[in-house]
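# Got a predicted structure plus its sequence, pasted below:
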Amino acid sequence: MLSGGDMLVRALHDQGVEHIFGYPGGAALHIYDSIFRQKEIQHVLVRHEQSAAHAADAYTRATGKVGTVLVTSGPGATNTITGIATAYMDSIAMVVLSAQVTSEKIGEDAFQETDMVGVSRPIVKHSFVITDPAEIPEIIRKAYYIAGTGRPGPVVIDIPKDKTDPSTQFPYEFPESVKIRSYNPAVRGHSGQVKKAVQLLLEAKRPVIYAGGGVVQGNASELLTTLARKLNYPVTNTLMGLGAYPGTDKQFLGMLGMHGTFEANTAMHHSDLILAVGARFDDRVTNTPSKFCPHAKVIHVDVDPASISKTVRADVPIVGAVDSVLGEMIGLLGSSKTKVDSDAIDAWWAQIEGWRERHGLYHSNRFDTSGDKLKPQEVVQMLHKVTKGNAYVCSDVGQHQMFAAQYYLFDKPRRWINSGGLGTMGFGLPAAMGVQLAFRDDCVVCITGEGSIQMCIQELSTLTQYHLPVKIICLNNQALGMVRQWQDMQYSSRYSESLYEESLPDFVKLMEAYGHVGMKVTKREELEQKMEECFAMKDRVVFMDIAVDPGEHVYPMLIAPNGSMRDMLLSKTERT
Amino acid sequence: MRRIISILMENAPGALSRVVGLFSQRGYNIETLTVAPTEDPTLSRLTLTTIGDDHKLEQITKHLNKLIDVVKLVDLSDGTHIERELMLVKVKATGAARAEIKRCADIFRGQVVDVTPNVYVVQLIGTSEKLDAFVQSLGEASIIEVVRSGVSGIARGEKILTI
């Protein structure tokens, strides 16, 4: 016999939860007492509940296991909202346990009462309210099942305080299996559709494989790579899909979309067939939907039927788990009578190589290093060199995020951790915290700017408490870089509220106050040595405050509104 | 185009708010909405009418199907179906109008279900168009209050919506 609180913690353990990110408070205290009396699950006390959600979200992204958050009612719960929305937009599995005031007080505007289920409803995959403590094990089992299967997403469980009361006890049994009559996520794709897709793939003359975050979260990177290599077709990844195909491979065109490479966007525009896998034709990818890839037939593979034909009509829709569908496609390639038109593909590659040589992100120098000021791009390239391309890179949001996406070539999935859909500033540091907790011996980097880092900077204290030696690379341009870029481009450089002037803290001293190491870099000559020093301090948190050129813009940039994917600004003075 | 979507969903707290929330969240319209438990007390049957083109309808049904609480749904307007709405109308009924209203209700096969010296309550069941026509024929001047249930529907013949 166990109390509700004990059942909850026991069920989390039986579910395989090893880490919880959370913050206690009145309504959660029975649960916290149950946590105190056990050893199996490690709880990480964050400094703000938003960080708990980001850390758990990044934990999921990096490990593939479902991250867990535990917070109290009212402000504890509402502070997680930005984190839940971030996970929801990027389809990341996560379970948020929010304590609630006692059942009899619900609806009375009690102290620290918020209708958490109501507040979070539009940004969760599903939510539960505990009405009977005896249901706790079953609801935990269901919550993790729903969060982690199909198109993943966050699940909230609201737990009134009286349901965890230690004075009443219930028999405990963790369900072996779970069945929800109204929830049957797609597994295999329709085999007729897969056959049709393979036929189209083999007949293509100018194909592009467009892979998104679904390939990373669906553990299908190897299969995607096998398929692409067998066909010798070019591959582009979305911001969420980076690492789904090896970034240093010659078949990789780079990221596509608003700040995608010239070659990826141009190849998409001229393609005659697009194989979209685990991607959702986001508005940051397609530019004007009516002008999107005018010559292309579209095969769209996704586990979520609602993603298919939402903005761009699919000629061959395939609803299914991406690993299963890609596996089936690879099997069919061998047995098909149609063979790849290698002449056409060679000609296609020649055309792509031409684009690469003209404006390619990797072949020619797309940024000017003749001046004294360090360019953010070269800092990212140095980061790639010093970490040998092996780091977990957790990004904040803004110019540094785009530079990292463009220049840190991810060869493995789950190494690039960023808020793609919601674009949440402040995500980077708590995300790095979550990843480092999961991979204590690996190199975990937070790439950030002096704007984003200040949004969740309080977690520097959490890093101290749990000995999480995250390396923070701050591209300091003294301004909200992406806002400033748009103000340069569209508002005649009127920098409305985007400059910090002289108000930034001395980050070196700040780090020292938390017991960490701070470094300042202003010169190109010292960058490599200092960065080597930074990464040599394996057991310390190190913050590199790197002064970069404030005038730098992110290019290429798709021209909107009314542009197609081939319409790009290539620099401050060139366009396609 | 007007569509009637019929939904079988879990008879659970929060289920209705998820369905309704989906419509406001994604900018879809709900014209009418009715919901009640079915013969199986764990399930509710919800019927709603909405307006949208094929693309919008496809998105609506896909997103509804994604809700964990939605067990099954059907777009009744895809096939032949019966739709009914119930209306209660309170009308001024004095003098010569009393007989006139009674006659009008008879023509529409409505029933007078409450009577006072000054007021009738008329109950009418039919398609939304029939109800509209009745309201029109009574004339604005005599109507005191109108209550409509929203549309309920069921497919004709062998076709059923069940789990």
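Yep, that arrived.
# Buried residues of stretch A:379-391, list them for me.
A:379-384, A:386-387, A:389, A:391 (16 or more other Cβ atoms under 10 Å in any protein chain shown). For glycine as for every other residue, the C-beta is placed from the backbone atoms N, C-alpha and C.
# List the ones among the residues you listed that fall in helices.
A:379-384, A:386 (DSSP state H).
# Can you classify the closest residue to residue A:22 other than its chain neighbours as helix, strand or coil?
Counting by Cβ to Cβ, 6 or more residues apart in numbering or on different chains, residue A:22 lies nearest to residue A:70, which is 3.5 Å off, once chain neighbours are set aside. Here residue A:70 is strand, with the state taken from DSSP: H, G, I helix; E, B strand; the rest coil.
# mind listing the helices for the stretch 1-150 of chain A?
Counting by DSSP state H, counting those that start in this stretch, the stretch 1-150 of chain A has helices at residues A:4-14, A:29-36, A:49-63, A:75-78, A:81-89, A:116-120, A:136-148.
# list the buried ones in the second one?
So that's helix A:29-36. A:30-35.
# With the last one instead?
Of all the residues in helix A:136-148, those buried under the rule 16+ other Cβ under 10 Å are A:136-137, A:139-148.
# Would you point out which residue is most central in chain A?
Geometric centre of chain A, nearest residue: residue A:418, 3.9 Å, by Cα atoms, centre = their mean.
# Quick check, it in contact with residue A:408.
No - at 10.8 Å, residue A:418 does not count as touching residue A:408 under the criterion of Cβ atoms under 8 Å.
# which residue sits closest to residue 114, ignoring its sequence neighbours?
Just so you know, I chose chain A. residue A:74 (4.9 Å).
# ah, no, chain B please
residue B:121 is the one closest to residue B:114 (Cβ to Cβ, 6+ apart), at 3.8 Å.
# OK, contacts around the residue in chain A sticking out farthest from the centre?
For chain A, the largest distance from the centre (Cα atoms, centre = their mean) belongs to residue A:167, which lies 42.1 Å off. For residue A:167, the contact set (Cβ atoms under 8 Å, 6 or more residues apart in numbering or on different chains) comprises residue A:3.
# can we see that at 6 Å?
When contacts are counted by Cβ atoms under 6 Å, 6 or more residues apart in numbering or on different chains, residue A:167 touches no other residue.
# Check residue A:112 too.
A:73-74.
# Per-residue pLDDT of it, please?
Here, the pLDDT recorded for residue A:112 equals 98.
# Can you tell me which residues in chain A are near chain B?
A:121-122, A:126, A:182-183, A:305-306 (Cβ under 6 Å from any Cβ of the partner chain).
# and the two most separated of these?
Maximum pairwise distance in the residues of chain A next to chain B, criterion Cβ to Cβ, is 21.3 Å, between A:121 and A:305.
# re the thing from before, could you dump the residues of chain A next to chain B to a markdown table with pLDDT?
Formatted as a markdown table, these follow (pLDDT from 0 to 100):
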| residue | pLDDT |
| --- | --- |
| A:121 | 97 |
| A:122 | 96 |
| A:126 | 98 |
| A:182 | 91 |
| A:183 | 94 |
| A:305 | 95 |
| A:306 | 94 |
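# out of those, who has the most neighbours?
residue A:126 (22 neighbours; other Cβ atoms under 10 Å in any protein chain shown).
# okay, and for the chain, where does confidence drop off?
As the question left the chain open, I've gone with chain A. Low-confidence segments of chain A (pLDDT under 70): A:363-364.
# actually it's chain B I care about, not the one you picked
For chain B, no range has pLDDT under 70.
# can you pull out the helices in chain B?
B:15-25, B:54-66, B:96-107, B:128-138.
# Of all those helices, which one is nearest residue B:1?
The closest of the helices of chain B to residue B:1 is helix B:54-66. By Cβ to Cβ, the value is 8.0 Å.
# Distance from that closest one to the middle of the chain?
20 Å (Cα atoms, centre = their mean, to the nearest Å).
# hmm, it in reach of chain A?
Yes - Helix B:54-66 reaches chain A (Cβ under 6 Å from any Cβ) through B:62-63, B:66.
# Looking at those, which one is closest to chain A?
Nearest to chain A among the residues of helix B:54-66 next to chain A, counting by Cβ to the nearest Cβ, is residue B:62 at 3.9 Å.
# doesn't residue A:306 make contact with the closest one?
Yes - judged on Cβ atoms under 6 Å, residue B:62 makes contact with residue A:306 at a distance of 3.9 Å.
# Can you tell me which of the ones in helices among the buried residues of stretch A:379-391 is nearest residue A:313?
residue A:380 (36.6 Å).
# wait, what's in contact with that closest one?
Applying Cβ under 6 Å, 6+ apart, the residues near residue A:380 are A:403-404, A:407-408.
# most surrounded residue in these?
Top of those by neighbour count (other Cβ under 10 Å): residue A:404, with 29 neighbours.
# Now that one. Nearest residue, chain neighbours left out?
Residue A:404 sits nearest to residue A:447 (Cβ to Cβ, 6+ apart), 4.8 Å away.
# ok, back up a step: phi first, then psi, for the residue nearest to the centre of chain A.
Main-chain torsions, residue A:418, degrees, to the nearest 10: phi -150, psi 160.
# got the contact list for it?
Residue A:418 touches A:395, A:401, counting by Cβ under 6 Å, 6+ apart.
# try 7 Å this time
Residue A:418 sits next to A:239, A:395, A:401 when contact means Cβ atoms under 7 Å, 6 or more residues apart in numbering or on different chains.
# Could you export those to a markdown table, including columns for neighbour count and secondary structure?
Listed next are the contacts of residue A:418 as a markdown table, based on neighbours: other Cβ atoms under 10 Å in any protein chain shown; DSSP: H, G, I helix; E, B strand; the rest coil:
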| residue | neighbour count | secondary structure |
| --- | --- | --- |
| A:239 | 27 | coil |
| A:395 | 29 | strand |
| A:401 | 29 | helix |
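# would you turn those into CSV with distance to residue A:289?
CSV is the format used below for the contacts of residue A:418 (distance: Cβ to Cβ, whole Å):
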residue, distance to residue A:289
A:239, 18
A:395, 27
A:401, 24
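# Among the residues you listed, find me the one that's closest to chain B.
Set against chain B, the nearest of these by Cβ to the nearest Cβ is residue A:239 (23.3 Å).
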